[in-house]
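J.: sequence and predicted structure are below.
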Amino acid sequence: MKIGLNGQKILDENPAGPEIFTINLFENLAKIDLKNEYFIYTTKKPEKDLENKIKQGNEKFHFKEIEYRKLWTQYGLAKELIKNPVDVFFTAIHSIPMIRSSKTKFVVMIHGLEYQYTLGYKNPLNRFFIERPIRYAIKHSDKIITPSLATKEEILKRNWNVDEKKIEVVYEGVSEEFYPKSEEEVDKIRKKYEIGKNPYLLFVSTIQPRKNIPNMIRAFSQFISENENMKNTLLLIAGKKGWDYEKSLEAPQKYGVEKNVKFLGRVPEEDLPILYSGAKGYINVSFEEGFGLPLLESMACGVPSVVSNIPAHKEVGDYLPVYVDPNNIENIKDGIFEIMTRYFDKKDFIERSKNFSWKNTAEKTLEVLEKTLKEN
């Protein structure tokens, strides 16, 4: 079987969740599958280190550079797949070519439907163009993969006439690098980010409206003001700036906790497990998530969490996190107090995280690709 993989975003300098997912998936497919032949389509030639990381010495993995910049999916990629069709094409980007060869089956990964929080969505015209590629991909793909039951159910709620049998749930995984780090490593990371000996909560994600960061900071400020003995607690926000980030950056000063809130920007991947390990807890009170990879990463490091009570978080965390209403400041504040004062057994979180691995993700994805090819 010839399998095509969309590698358009894996070369981004600052990869976010979907890009991290894609790289880990490709790497683990290379580890487990020595039978099928793979073609990874990219916008430019990857650096040798990244190429070697993904290929894992598997000679059946090939990179194909498609240089066309504008309308890369609808022209450059479409042209390549018609000229050199594969049996199955998989993309973790929410779009597929409109002009396709009947010789190729298409499988699309829908990470989530959070686009309702994107810039300009309230404008009906903008909404049409924001939704259109996703709706088209969902309608015209042969199979849909979602990272959670929550995302599958969100798709089915829409009036898009999607056959439930067409959607397969494949959970994301957690990398082997995420495990509790030593005190010595944590001490070094505290010095690097000028944390000192202060206890801290950690948020990890792109800064954008759906992450509900202003409400998180407002609740944190109330927690600080009501607990004199915890006034040295810090809130660390690790993540690159997304769209409409200004209100998030202004919130610490607005709520009088500018000395307690530190925006770290996007931190190197190797620093994240150590930052998690040193935290009193992980916090994320977002309005919507397709899966919640940082929650899983924090659990693998044995760290308790306070998160919004949305379906995706519950699917990943089960009964272990402290769940709060993302619209209720008082409830978020109480959740922060609980995470800062209650005893948690880190072993519970670590054991839960073992249910998720990138190897399992790759195996399940391969099963879906093979199943898609067999179906008429």
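T.: Alright, I've got the coordinates. Numbering: from 1, shown residues only.

J.: that's a helix at F89, yeah?
T.: No. Counting by DSSP: H, G, I helix; E, B strand; the rest coil, F89 is not part of a helix but strand.

J.: if you tally nearby residues, what's the number for it?
T.: Counted with other C-beta atoms under 10 Å, the neighbours of F89 add up to 28. (Glycine included, C-beta is placed from N, CA and C.)

J.: tell me the SS of the closest residue to it other than its chain neighbours?
T.: Of all residues not flanking F89 in the chain, G4 sits nearest, at 4.0 Å (C-beta to C-beta, 6 or more residues apart in numbering). Secondary structure state of G4, per three-state DSSP, is strand.

J.: over to L235: give its phi and psi.
T.: phi -120, psi 110 (degrees, to the nearest 10).

J.: list the contacts of it.
T.: Each residue near L235 by C-beta atoms under 8 Å, 6 or more residues apart in numbering is listed here: Y200, L201, F203, M216, I217, F220, V257, N260, V261, K262, I283.

J.: related to what we said a few turns ago, surely the residue nearest to F89 and I82 touch.
T.: No. Counting by C-beta atoms under 8 Å, G4 stays clear of I82, with 11.8 Å between them.

J.: who has more neighbours, the two?
T.: G4 (25 against 14).

J.: quickly list what that one is bridged to.
T.: When assigned by DSSP bridges, G4 has beta-bridge partners F39, F89.

J.: contact partners for it?
T.: Y38, F39, Y41, L81, V86, V88, F89, F90, T104.

J.: what residue is smack in the middle of the protein?
T.: By C-alpha atoms, centre = their mean, the chain has its centre lying nearest to G17, at 3.2 Å.

J.: now for the residue lying closest to it once chain neighbours are set aside, how many residues are close by?
T.: Leaving aside its sequence neighbours, G17 sits nearest to L293 (C-beta to C-beta, 6+ apart; 5.7 Å). For L293, the neighbour count with other C-beta under 10 Å is 24.

J.: gap between L293 and E184?
T.: 27 Å (C-beta to C-beta, to the nearest Å).

J.: point out where the stretch 251-376 of the chain drops to low pLDDT.
T.: Within the stretch 251-376 of the chain, the ranges that satisfy pLDDT under 70 run 376.

J.: can you show me the strands along it?
T.: In the stretch 251-376 of the chain, the strands defined using DSSP state E, counting those that start in this stretch lie at 261-265, 281-284, 305-308, 322-324.

J.: which of the ones you listed is buried the deepest?
T.: Sort the strands of the stretch 251-376 of the chain by mean neighbour count, taking mean count of other C-beta atoms under 10 Å, and strand 305-308 sits at the top with a mean of 28.

J.: which strands and helices lie in contact with that strand?
T.: strand 281-284, helix 293-300, helix 311-317, strand 322-324, helix 329-341 (3 or more C-beta pairs under 8 Å, 6 or more residues apart in numbering; DSSP states H and E).

J.: please report the distance of I332 from N309.
T.: 11 Å.

J.: ok, I99 next?
T.: I99 is 43 Å from N309, by C-beta to C-beta.

J.: so the two - more neighbours on which side?
T.: N309 (16 against 10).

J.: what's Y136 sitting at in phi/psi?
T.: Torsion angles at Y136 (phi, psi; degrees, to the nearest 10) stand at phi -60, psi -40.

J.: my read: it touches I96, true?
T.: Yes. At 7.4 Å, Y136 and I96 qualify as touching, with contact defined as C-beta under 8 Å.

J.: neighbour count winner among these two?
T.: I96 (25 against 15).

J.: how about K346, nearest residue that isn't a chain neighbour?
T.: Closest to K346 by C-beta to C-beta, 6+ apart is G302, at 3.0 Å.

J.: list the contacts of the one you found.
T.: Contact analysis of G302 by C-beta under 8 Å, 6+ apart lists Y179, P180, S277, K346, K347, F349, I350.

J.: rerun at 10 Å
T.: Each residue near G302 by C-beta atoms under 10 Å, 6 or more residues apart in numbering is listed here: 178-181, 276-277, 344-351, 353.

J.: can you check K157 too?
T.: Counting by C-beta under 10 Å, 6+ apart, K157 touches L113.

J.: circling back to that earlier point, possible to save the contacts of L235 as JSON lines with distance to K247?
T.: Output for the contacts of L235, formatted as JSON lines (distance: C-beta to C-beta, whole Å):
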{"residue": "Y200", "distance to K247": "22"}
{"residue": "L201", "distance to K247": "20"}
{"residue": "F203", "distance to K247": "15"}
{"residue": "M216", "distance to K247": "12"}
{"residue": "I217", "distance to K247": "10"}
{"residue": "F220", "distance to K247": "15"}
{"residue": "V257", "distance to K247": "15"}
{"residue": "N260", "distance to K247": "18"}
{"residue": "V261", "distance to K247": "13"}
{"residue": "K262", "distance to K247": "17"}
{"residue": "I283", "distance to K247": "18"}
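
J.: filter these to the buried ones?
T.: When these are checked for burial by 16 or more other C-beta atoms under 10 Å, the buried set is Y200, L201, F203, M216, I217, F220, V257, N260, V261, K262, I283.

J.: pLDDT weak spots in the stretch 51-200 of the chain?
T.: Low-confidence segments of the stretch 51-200 of the chain (pLDDT under 70): 69, 114-130.

J.: could you pull out the strands for it?
T.: Using DSSP E, counting those that start in this stretch, the strands of the stretch 51-200 of the chain run over 61-65, 88-91, 105-109, 143-146, 167-169, 200-204.
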